[in-house]
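[1] Let's see this in three dimensions:
(one chain, ligands or ions: 1)
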Amino acid sequence: MQRETVEEFRTKRDEALSYIQDETDMRPNYIIILGTGLGHLADEIDVKHTISYADIPHFPVSTVESHAGRLLFGELGGKEIVAMQGRFHYYEGYTMQEIVFPLRVLKANGTDTLIVSNACGGMNPNYKRGDIMLINDHINMLGDNPLIGPNDDELGPRFPDMSEPYTERLLEIAENVALEKGIKMHQGVYLALSGPTLETKAEYRYLRLIGADVVGMSTVPEVIAAVHMSMEVLGISVITDECLPDALEPVNIEDVLEAAGMAEPKMTQVITGVLEKL
Ligand code: HPA
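    The predicted structure is shown next:
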């Protein structure tokens, strides 16, 4: 495969950035990526500018029906934010570089903190459908990495450190918010696989054994790109189904979306509460 050069990337990023900067003069510090079934957090945002991905040069366009595909610039929890309503998954056929392109563009627009959410399957037997979990670490089993290829030294180092991908300070703030608001929240390890198949019983047994609490098909590419660019990261998972190998029930996307809808108000309260404290 022919990899994009650093110059090609920078040209594309700068074209996307100038389009965005012509549409809005907002330069928010915070970017929120909304996961599958979690787009309604957007209703809480005091939106000032909306930009469709389709209008931004070089932006990928989401193929998943449950994802809207636009940037919302506005205010949440008293802070200026930009939200990605609709994200890109590896299983859709995008390259890792395409998946993280929007984040890289928005970093160039001034964001330095990533708040990322997702829907996932819970493998820890203490986790119930509709619960939420703060991500305190991850395991990348996507079989790919957005940093493979030429390194743009202006973005970050060739070999980024991964000892604290999820910012300890933000985890503590989020824990305090959940405590104050009386929201039950777990903390654990997110494991990313490519999908689009869900896992077999044997795979769930194996993934649990190697240290994961939940499994999903997103988030890790964006977190890797964010850490590479020295951004702070907060990750929140919504458990949409229980993946217990010895008692596994079939799941479908409707069930996943329903559970995401159940958990979304809790996630929204935590994210809003964290922004208020920052
Ligand atoms: N695996 C299992 N269950 C899930 C997933 C997944 O990737 N995403 C949402 N529920």
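
[2] Output stretch 192-200 as CSV, nothing but the C-alphas.
    What follows is stretch 192-200, C-alpha atoms only, in CSV (Å, rounded to 0.1, in the frame of the first residue of the first chain):
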residue,chain,number,x,y,z
ALA,A,192,-10.5,-2.9,20.6
LEU,A,193,-11.0,-5.4,17.8
SER,A,194,-11.8,-4.6,14.2
GLY,A,195,-15.2,-6.1,14.0
PRO,A,196,-17.7,-6.0,12.3
THR,A,197,-18.5,-9.5,13.7
LEU,A,198,-19.2,-9.6,17.4
GLU,A,199,-17.0,-12.1,19.3
THR,A,200,-17.4,-15.8,19.7
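
[3] Go through it and flag the buried ones.
    192, 193, 195, 198, 199 (16 or more other C-beta atoms under 10 Å). Glycine gets a C-beta too; all of them are placed from N, C-alpha and C.

[4] What mean pLDDT does it get?
    Confidence for stretch 192-200, expressed as mean pLDDT, is 96.

[5] ok, residues contacting that stretch?
    Residues outside stretch 192-200 that contact it (C-beta atoms under 8 Å, 6 or more residues apart in numbering) are 89-91, 121, 138-144, 207, 215-221, 243, 251.

[6] Residue ranges in this protein under the pLDDT threshold?
    For the chain, the stretches flagged by pLDDT under 70 are 1-2, 62-68.

[7] list the contacts for whichever residue of it sits closest to the ligand?
    Closest to the ligand within the chain is residue 121: 2.5 Å, counting by C-beta to the nearest ligand atom. Residues in contact with residue 121 (C-beta under 8 Å, 6+ apart) are 198, 199, 204, 214, 215, 216, 239, 240, 241, 242, 243, 251.

[8] Identify those among the residues you listed that sit within strands.
    214, 215, 216, 239, 240, 241, 242 (DSSP state E).

[9] Dump those residues to a markdown table, plus distance to residue 115.
    Listed next are the ones in strands among the contacts of residue 121 as a markdown table, based on distance: C-beta to C-beta, whole Å:
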| residue | distance to residue 115 |
| --- | --- |
| 214 | 17 |
| 215 | 21 |
| 216 | 16 |
| 239 | 18 |
| 240 | 19 |
| 241 | 23 |
| 242 | 25 |
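
[10] Identify the farthest-apart pair in those residues.
    216 and 242 (13.9 Å; C-beta to C-beta).

[11] who's more crowded, those two?
    With neighbours defined as other C-beta atoms under 10 Å, residue 216 and residue 242 compare such that residue 216 has more, 25 against 19.

[12] unless I'm mixing things up, that one is touching residue 117, no?
    No. Taking contacts as C-beta atoms under 8 Å, residue 216 lies outside contact range of residue 117: 10.5 Å.

[13] Touching both of these two, which residues are there?
    Here residue 216 and residue 117 have residue 237 as joint contacts, going by C-beta under 8 Å, 6+ apart.

[14] Quick check: closest non-adjacent residue to the residue of the chain positioned farthest from its centre.
    In the chain, residue 246 marks the outermost C-alpha relative to the chain mean, sitting 29.5 Å out by C-alpha atoms, centre = their mean. Among residues not flanking residue 246 along the chain, residue 201 sits closest, at 7.6 Å (C-beta to C-beta, 6 or more residues apart in numbering).

[15] Tell me how many other residues surround that neighbour.
    By other C-beta under 10 Å, the residues close to residue 201 number 13.
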